[in-house]
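S.K.: Next comes the sequence, and after it the predicted model I'd like to discuss.
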Amino acid sequence: MQDRLPVRPLSRLTRRSGTYAGSQSDGTYLCTRAVLRDMLKISYGRIVNIASTAGLRGYPYVAAYTASKHGVVGLTRALALELATTASR
């Protein structure tokens, strides 16, 4: 069963409880990093990252979740610019 992020004000969230922004975006970063070298080596590949609408706008009481989804969107956009001149995207 997947743990859900708590719905509460940012002032009540702690890094220790795993409710901080990095806990959700770390997986996207690590998976991307794991496949990127091989994709570039064979000059082909696609990476599809999925966030939520929280990656595009904020919502009250889910600041950590929103920050993590913004992180996924930011990583995806930055990587798209880095790979724009390659066959990997």
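M.R.: Sure, I can see it. Residues are numbered from 1 along each chain as shown.

S.K.: what residue ranges in the chain score low on pLDDT?
M.R.: Residue ranges of the chain with pLDDT under 70: 1-23, 89.

S.K.: at 80 instead, please
M.R.: Low-confidence segments of the chain (pLDDT under 80): 1-24, 88-89.

S.K.: Which stretches in it count as helices?
M.R.: Along the chain, counting by DSSP state H, helices occupy 22-42, 63-83.

S.K.: Just the buried residues of the last one, please?
M.R.: If I follow you right, that is helix 63-83. 63-73, 75-76, 79, 83 (16 or more other Cβ atoms under 10 Å). The way it works is simple: take the backbone N, C-alpha and C, and place the C-beta from them, glycine included.

S.K.: re earlier: with respect to residue 51, which of the helices of the chain lies nearest?
M.R.: In terms of Cβ to Cβ, the element of these nearest to residue 51 is helix 63-83, at 4.2 Å.

S.K.: helices or strands up against that closest one?
M.R.: Counting contacts by 3 or more Cβ pairs under 8 Å, 6 or more residues apart in numbering; DSSP states H and E, helix 63-83 packs against helix 22-42.

S.K.: just to revisit the earlier point, among the helices of the chain, which is nearest residue 54?
M.R.: helix 63-83 (4.3 Å).

S.K.: okay, the angle between that closest one and helix 22-42?
M.R.: Here helix 63-83 points in a direction 10 degrees away from that of helix 22-42 (axes from the mean of the first three to the mean of the last three Cα atoms, to 10 degrees).

S.K.: just how off-centre is helix 63-83 within its chain?
M.R.: Put simply, helix 63-83 sits 5 Å off its chain's centre (Cα atoms, centre = their mean, to the nearest Å).

S.K.: Now the residue positioned nearest the centre of the chain: closest residue in space that isn't a chain neighbour?
M.R.: Central residue of the chain (Cα atoms, centre = their mean): residue 72, 2.5 Å from the mean position. Leaving aside its chain neighbours, residue 72 sits nearest to residue 51 (4.2 Å; criterion: Cβ to Cβ, 6 or more residues apart in numbering).

S.K.: Likewise for residue 47?
M.R.: Here the residue nearest residue 47, using Cβ to Cβ, 6+ apart, is residue 32, at 5.8 Å.
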